[in-house]
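[1] what's the 3D shape of this:
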Amino acid sequence: MFRRVALVSLLALSAAASAQTAPAIPELPADQAAMRAHVMFLASDAMKGREAGSPEYDIAAQYVASQFYAAGLKPAGDNGGYLQKVPLVSYKAADEGSFVWTPRGGQPVTLTFGEDFAPSPVPDRAETSLSAPVVFVGYGIDAPQYGQNDYKGADVRGKIVAFAPGTPAGLGGEERAFFGSAANKAALAAARGAVGAIQLVMPGAGGKARPFSARGYDRARVGWANPDGTVHSATPGTPILGTLSAAGAAKLFGKDWDAIAKAAAAEAPRYKPVTAKGALTVALKTSVTPMPSSNVIGMIPGSDPKLKDQVVVLSAHLDHIGVNEGGDGDRINNGALDNAIGIASLIEEAKRFKESGKPPRRSVMFLAVTAEEKGLVGSDYFANNPTVPLKSIVADVNLDMPILTYTFEDMIVFGAERSTLGPIVRKAVGALGLPLSPDPMPEEGIFVRSDHFRFVQKGIPSVFLWPGQKGPGAAAVKTFMSTNYHRPSDDLSLPIDWSQGPRFVGVNYAIAREIADGDARPVWNKGDYFGTLYKGPMAAK
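    Sure thing, here's the model as predicted:
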């Protein structure tokens, strides 16, 4: 009896002490309190940053599933449940690999790890062995409509493509971000029959050499596993093999490298294809470790007999970046704005549909994905393994890191100008008295950097929503990005204006409702680059 009384007394004293030191929790209207409650749980220290593949992420996923159930959503995951199992894997280079150059009529030359080359892990193969000629194709971009066709006059079938990093000047921010990706360059090479790809470290403008380092060559990357256990690759026949330093590239291209380096030193480099005289033999090993995770999926069935089989997806990522290694002080990256508040918005938007008393004409799917922070991996898995027929998905509207520390006066919808989602969004936002502003930072190429882009790659018109930067917005966004983004300070100590949560949800709801109830399904604007590249439905004019 004494021990029990003593224990109760100690607990009471501990609670009283905690109450004295804990920050004050504000009293809020019910709709704002609901938003804050979700973020309190998802961004708590107990969730340890919700890193994909961690037990804490799994708890967060169960929480979202329970909230989808409470909002009246139908399960749309695996086996009649809300969760879609995602077979995440971590993969990395298992050793330093081997690059051997054999010049035509000459003796093999073994390139030196860390000086001439750094290997890349090949996700879908435990061992890679490849020998082929090498063709330099400038930036590796095939886009004549933008005045850039680096493959002109080059036959790369059965060859390894070598390309310069980056993109030429003059491309728009979204195109520059897309074409600057080594993975997208490998996909362009694959389409032309290449059997491998290598990135080169080039001299910079004015001839200044760019640094080369093999440091981090064995860092872990994340992907998802195919049913046979191999790691999914977008270009299984054209792996990225590694990076060559300028010294390594010179061993392959000989005297031709001087001309390539001279072109690279110009303010606006212009390259011509060059075939190295010989063959490169590459041997690589990759190790793989499973780290299973899950997406969370709920659905509101459509009510229109002719449209109910079409699906509008509303997406947001649930994961964040976990706990920092080493160091003193706070190491937990709570991810309050990135993206607990996006998930909170998704949950509250589901409630809006149910509380409206009016079922949408099209079905609406609510999708919380894993491993966005690892490279849009969870959304990529869903796009390749959808729980509804892929052809039934007509649009994706993505919610990622809305910065709600100020009263927003406008909305930004990345990708709105690319499809008929633009007028739909403008109408919905305008009805709420908000203007639609253009992308304030096109140089960041945000349209290609969040989960909606995995739907774009399947030809599905998609947009990504953010509060705008009019009035106090620009300063607030700058402060968050420079001080809190991907740092432990992205937590509930931020000056979050909870009154903006329901406003943001209201805008998203209006947009989703307009898409779900519209007579026509969204299509790409005629000739849009991404719509054309990924063969999506195109407007006739």
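
[2] which parts of stretch 318-333 are buried?
    Residues 318-322, 332-333 are the ones in stretch 318-333 that count as buried (16 or more other CB atoms under 10 Å). All C-beta atoms are positioned from the backbone trio N, CA, C, and that covers glycine.

[3] now for these: which two are most distant?
    Farthest pair in those (CB to CB) is Leu318 and Ile332. Separation: 16.3 Å.

[4] I'd like the buried residues of stretch 318-333 laid out as TSV, including pLDDT, secondary structure and distance to Thr235.
    Listed next are the buried residues of stretch 318-333 as TSV, based on pLDDT from 0 to 100; DSSP: H, G, I helix; E, B strand; the rest coil; distance: CB to CB, whole Å:
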residue	pLDDT	secondary structure	distance to Thr235
Leu318	98	coil	28
Asp319	98	coil	25
His320	98	strand	29
Ile321	98	coil	27
Gly322	97	coil	29
Ile332	97	strand	36
Asn333	98	coil	31
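
[5] tell me which of those residues is nearest to Arg503?
    Of all those, Arg503 sits closest to Leu318, with 22.5 Å by CB to CB.

[6] residue contacts, the closest one?
    Residues in contact with Leu318 (CB atoms under 8 Å, 6 or more residues apart in numbering) are 42, 50, 57, 60-61, 64, 296, 339, 343, 368-370.

[7] what helix or strand is Thr479 located in?
    Per DSSP states H and E, Thr479 falls inside helix 473-483.

[8] for the following helix or strand past that helix, name the packing helices and strands.
    Along the chain past helix 473-483, the next helix or strand (assigned with DSSP H and E) turns out to be helix 500-517. In this structure, helix 500-517 packs against helix 30-42, strand 311-317, helix 341-355, strand 363-369, strand 393-399, helix 421-431, strand 462-467, with contacts taken as 3 or more CB pairs under 8 Å, 6 or more residues apart in numbering; DSSP states H and E.

[9] quick one: closest of these to Asp155.
    Across these, Asp155 has its closest neighbour in strand 462-467 (35.2 Å, CB to CB).

[10] list the contacts of the helix holding Thr479.
    337, 403, 405-406, 408-410, 440, 467, 469, 489-490, 494.

[11] and the residues you listed, which are buried?
    337, 403, 405-406, 408-410, 467, 469, 490, 494.

[12] now the residues you listed as TSV including secondary structure?
    Formatted as TSV, those follow (DSSP: H, G, I helix; E, B strand; the rest coil):
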residue	secondary structure
Leu337	helix
Ile403	coil
Thr405	coil
Tyr406	coil
Phe408	coil
Glu409	coil
Asp410	coil
Pro467	strand
Gln469	coil
Asp490	coil
Leu494	coil
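
[13] quick one: which of those is nearest to Ser379?
    Leu337 (19.3 Å).

[14] contacting residues for the closest one?
    Leu337 neighbours (CB under 8 Å, 6+ apart): 401-405, 480, 484, 490, 494, 496.

[15] switch the cut-off to 7 Å
    Contact analysis of Leu337 by CB atoms under 7 Å, 6 or more residues apart in numbering lists 401, 403, 480, 490, 494.

[16] kindly report the same for Asn334.
    Per CB under 7 Å, 6+ apart, neighbours of Asn334: 43, 45, 49, 488, 490-491.

[17] off-centre distance for the helix or strand hosting Ser294?
    Here Ser294 sits within strand 293-300, counting by DSSP H and E. Centroid separation for strand 293-300 versus its chain: 18 Å, with CA atoms, centre = their mean, to the nearest Å.

[18] where are the low-confidence patches of the stretch 151-300 of the chain?
    Low-confidence regions of the stretch 151-300 of the chain, defined by pLDDT under 70, span residues 205-209.

[19] now the strands: where do they sit in it?
    All strands of the stretch 151-300 of the chain, identified by DSSP state E, counting those that start in this stretch, fall at 160-163, 196-200, 221-224, 240-244, 274-275, 278-290, 293-300.

[20] out of those strands, which comes closest to Ser98?
    Proximity to Ser98, assessed across these by CB to CB, is greatest for strand 278-290 (4.3 Å).

[21] and that closest one, how far from the chain's centre?
    On CA atoms, centre = their mean, the centre of strand 278-290 falls 26 Å from that of its chain.

[22] repeat that for stretch 308-327.
    Offset of stretch 308-327 from its chain centre (CA atoms, centre = their mean): 9 Å.

[23] likewise stretch 483-491?
    On the basis of CA atoms, centre = their mean, stretch 483-491 sits 19 Å off its chain's mean C-alpha point.

[24] for it, how far is the first residue from the last?
    Its start and end residues considered, stretch 483-491 measures 12 Å (CA to CA, to the nearest Å).

[25] now swap in stretch 199-217 and tell me
    Using CA to CA, one end of stretch 199-217 lies 14 Å from the other.

[26] ok, back up a step: can you check what angle separates the helix holding Thr479 from strand 462-467?
    Counting by axes from the mean of the first three to the mean of the last three CA atoms, to 10 degrees, helix 473-483 points 100 degrees away from the direction of strand 462-467.

[27] okay, buried residues for helix 473-483 please.
    For helix 473-483, a neighbour-count test (16+ other CB under 10 Å) marks 473, 476-477, 479-480 as buried.

[28] circling back to that earlier point, and which of the buried residues of stretch 318-333 is nearest Gln32?
    Leu318 (21.4 Å).

[29] residues contacting the nearest residue to that closest one once chain neighbours are set aside?
    Leaving aside its chain neighbours, Leu318 sits nearest to Ala368 (4.5 Å; criterion: CB to CB, 6 or more residues apart in numbering). Ala368 makes contact with 64, 295-296, 316, 318, 343, 346, according to CB under 7 Å, 6+ apart.

[30] likewise Asp338?
    The neighbourhood of Asp338, defined by CB under 7 Å, 6+ apart, consists of 320, 401, 485, 490.

[31] just Phe530 next, same as before
    By CB under 7 Å, 6+ apart, the contact set of Phe530 is 418, 456.

[32] ok, 6 Å please
    If you count contacts by CB atoms under 6 Å, 6 or more residues apart in numbering, Phe530 has them with Val456.

[33] so it, which state does it fall into?
    helix.

[34] same for the strand holding Ser294, what does it pack against?
    Judged by 3 or more CB pairs under 6 Å, 6 or more residues apart in numbering; DSSP states H and E, the packing partners of strand 293-300 are helix 55-70, strand 83-86, strand 363-369.

[35] can you name the next helix or strand after the last one?
    Translated: strand 363-369. Once strand 363-369 ends, the next helix or strand along the chain (criterion: DSSP H and E) is helix 377-384.

[36] list the buried residues of that following helix.
    Neighbour counts over helix 377-384 (16+ other CB under 10 Å) mark 377-383 as buried.

[37] closest to Ala154 among these?
    Distance to Ala154, by CB to CB, is smallest for Asp380 among the buried residues of helix 377-384, at 29.6 Å.

[38] correct me, but that closest one touches Arg454?
    Yes: between Asp380 and Arg454 there is a contact at 4.9 Å, judged by CB atoms under 6 Å.

[39] for stretch 353-364, the distance to its chain's centre please.
    29 Å.

[40] now that stretch: buried residues?
    Buried residues in stretch 353-364, counted by 16+ other CB under 10 Å: 353, 359-364.

[41] rebuild these as a markdown table, extending it with pLDDT.
    As requested, the buried residues of stretch 353-364 are arranged in a markdown table below (pLDDT from 0 to 100):
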| residue | pLDDT |
| --- | --- |
| Phe353 | 96 |
| Pro359 | 95 |
| Pro360 | 98 |
| Arg361 | 98 |
| Arg362 | 98 |
| Ser363 | 98 |
| Val364 | 98 |
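
[42] residue contacts, the residue nearest to Leu42 when sequence neighbours are not counted?
    Leaving aside its chain neighbours, Leu42 sits nearest to Ala340 (3.9 Å; criterion: CB to CB, 6+ apart). The neighbourhood of Ala340, defined by CB under 6 Å, 6+ apart, consists of 39, 42-43.
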